[in-house]
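> give me a 3D structure for the following:
(chains A and B)
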Amino acid sequence: MATTNPFLQMFARSPFKPMQEHIAKAQYCAEQLIPFFEATYDNDWLVAEQLQQKITLLENEADAIKKEVRQSVPSSLFLPVPRTDLLNLLRMQDKIANRAKDISGIMLGRKILIPQIIQKEMLEFVQAAVNTSQQALIALNELDELVGAGFRGREVDVVEALINKLDDLEHTTDELERHVRHSLFKVEKELDPIDAIFLYNVISWVGDLADRAQDVGGRLQLLIAR
Amino acid sequence: MNIIAQYGDIIVILACVFGFFMAWGVGANDVANAMGTSVGSKALTLKQAIMIAIVFEFAGAYLAGGAVTATIRKGIIDPSLLASTPELLIFGMMAALLAAAIWLLVATFFGWPVSTTHTIVGAIVGFAAVGISPDAVNWGKVAKIVASWVVSPITAGLMAFFLFRSVQRLVLDSATPFRNAQKYVPGYIFLVGFIISMVTFTKGLKHIGLDLSFGSSALISFGLAFITMVIGKIMLNRIKEDKEADKDYHFSSVEKLFGVLMMFTACAMAFAHGSNDVANAVGPIAAVVGIVSAGGEVMQKSVMPSWILLLGGAGIVTGLVMYGHKVIATVGKNITELTPSRGFAATLAAASTVVFASGTGLPISTTHTLVGAVLGVGLARGLAALNLKVVGTIFISWVVTLPAGAGLSIMFFFMFKGIFS
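Model (predicted):
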């Protein structure tokens, strides 16, 4: 009887909480890259494999939440924000987790060793990318407050500031990417050519991770823009 | 004539039983939507909600239920045509009551969304148009009632929209939401007290011997609203800002303040609901009792005895205590998204609309009005997710309920006619 009460029927489940759960999962995924890189530096492929499996598992969980959110926003649902913007934001969030999985997957699969000389720089670079996605998570944590404030006013300014910081962090990551590429360029002649190609690939994927995080910020901005 | 003299007592007792059963159904089912919002937003516990519902449903029915009752009793049907055959009106009203009660029972069993108001209006129009003659129906009045079914959700929606926008502007969107809430919530409480008492004093209360002029009504309402505000202020002062909870969700403490406000709007909602929906059960009884006690005089001018309103109020409370608490709990559990800052806007808008309709004598659906109010809050971007399919559901409930109520009542009308004559 309760389900057919028109008044009760009207209240659908909010997709915003699962949105936040999803990016938290994606970020947890990205964070694992730090110990993963450290494990490869130590040439400890057993630990690296464990971490890669953990990342895959987390990515699967994020996927499950993504599907759940998609199912919970049928087109008949009335949301305080455009439905397409919300789904785009979700897609961007999901790419963070996907990229983390790609990076760990290719490195484990090919047992890619980062040359000693750029290891420190590389780790800094990965850290910067993870920081960027961390900032995306911080911005998304304001989503429930945005709903609370009705996507208006002061809360919007707070989120804008967080997104600006996200952009700054992405620029820092870009900067580091250039440095790492340059350092690799200097030593690439000494490497196996195929390994070198894949190293460049890994670098650009790590850069991608930060780009995706920035995209999340961009989509969030679209979501709150009126 | 001799039918009335012969079976008068039985007829009155039957009408009272049917009417009480109707009121019981209203209490068991319809009250839930009015009170569930407050339980869902955690402004009230289930026990508090039931206590408030008992007191204010009853007060609303008794103090402000008169005008709608009069409409159901003698507004829809033109009694002048029935002066020579008063027994037809009696059979019809009893048929309408029985039809509505049975239809509601069936609908509840199968889980169909129906409105008590629509059922009884459909039933009365049905027996009058088919059983007596299409001319017996006061079509102008019926058109007005049907129009009010469209207008009331829209009015409530608009009001809720602007109420929530004002909350956004004054409280949520400020640098110090907690302090602003402390400052402005008493104002909203005043508004609740003022609207409800103003409508009640200007439109109702004549039947309990209070006939006030507009000026003195305004003055008394102002005083009552002020007292309400002071009580609210005392309750508000007890609430302290919880910095720990605010870290997780910035508006936690603010919502607690709005929780106090919502206690008041819950009272208003229960009052409004009682004032409008009790008439569905009580109006037909009043018609039957009026004719029987006047010895078959259809055009009686006598005021309805207030024990009938009391009977309706008692029926609602019985239904609420016996069964309604379960439905309230279900509704409350499923609408947790409606936090006090939104819930109050929706309930205050709906309550004001319903009380105003009660004062004007228009029987409207409280649930549909509430749906309109919630959609209004949603349009102000106040709610996370609303299912718009419900608008279709409501439309279907209209299309199905009116003919169903009418059909059943036509059937029972001829049945009663056959039994008694």
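> any buried residues in the longest helix that chain A contains, and which?
Ranked by number of residues, the top helix in chain A under DSSP state H is helix A:154-187. Of all the residues in helix A:154-187, those buried under the rule 16 or more other C-beta atoms under 10 Å in any protein chain shown are A:155-156, A:158-160, A:162-163, A:166, A:169-170, A:172-174, A:176-177, A:180-181, A:183-184. (C-beta placed from N, C-alpha, C; glycine too.)
> and A:N201, which of the three is it?
Classification of A:N201 using DSSP: H, G, I helix; E, B strand; the rest coil returns helix.
> so how far is A:K25 from it?
Distance of A:N201 to A:K25, given as C-beta to C-beta, to the nearest Å: 25 Å.
> so which helix or strand takes in the residue nearest the centre of chain A?
In chain A, the C-alpha nearest the mean C-alpha coordinate belongs to A:I96, at 2.7 Å (C-alpha atoms, centre = their mean). Secondary structure from DSSP states H and E places A:I96 in helix A:83-109.
> for that helix, packing partners?
helix A:16-31, helix A:33-41, helix A:45-72, helix A:116-140, helix A:193-224 (3 or more C-beta pairs under 8 Å, 6 or more residues apart in numbering or on different chains; DSSP states H and E).
> pLDDT weak spots in chain A?
A:1-4, A:226 (pLDDT under 70).
> redo that, cut-off 50
For chain A, the stretches with pLDDT under 50 are A:1-2.
> near chain B, which residues of it?
Chain A comes close to chain B at residues A:1-16, A:72-73, A:76-81, A:144-145, A:147-155, as judged by C-beta under 8 Å from any C-beta of the partner chain.
> show only the entries of those found in helices.
A:6-9, A:16, A:72, A:144-145, A:147-149, A:154-155.
> buried subset of the residues you listed, written for ChimeraX?
In ChimeraX syntax, the buried subset of those is picked out as below (16+ other C-beta under 10 Å):
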select /A:6,7,8,9,16,144,145,147,148,149,155
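> the ones in helices among the residues of chain A next to chain B: which two are farthest apart?
Distance extremes for those: the farthest pair is A:P6 and A:R154 at 35.2 Å, using C-beta to C-beta.
> spatially nearest residue to whichever residue of the stretch 151-300 of chain B sits closest to chain A (excluding sequence neighbours)?
Closest approach between the stretch 151-300 of chain B and chain A, counting by C-beta to the nearest C-beta: B:D173, at 3.0 Å. The shortest distance from B:D173 to any non-neighbouring residue, by C-beta to C-beta, 6 or more residues apart in numbering or on different chains, is to A:G153 (3.0 Å).
> pretty sure the one you found is touching B:V171, no?
No: applying C-beta atoms under 8 Å, one finds A:G153 not in contact with B:V171, separated by 10.4 Å.
> could you pull up phi and psi at B:S365?
Main-chain torsions, B:S365, degrees, to the nearest 10: phi -90, psi 120.
> apologies, that question was intended for A:D192.
Here is the backbone geometry of A:D192 (degrees, to the nearest 10): phi -60, psi 130.
> now the strands for chain B?
B:386-387 (DSSP state E).
> report the central residue of it.
Centroid-nearest residue in chain B: B:H273, 2.6 Å away (criterion: C-alpha atoms, centre = their mean).
> longest helix of chain B?
What stands out as the longest helix in chain B, according to DSSP H, is helix B:252-293.
> picking up where we left off before, which residues sit in contact with the residue of the stretch 151-300 of chain B closest to chain A?
By C-beta atoms under 8 Å, 6 or more residues apart in numbering or on different chains, the contact list for B:D173 reads A:149, A:152-155.
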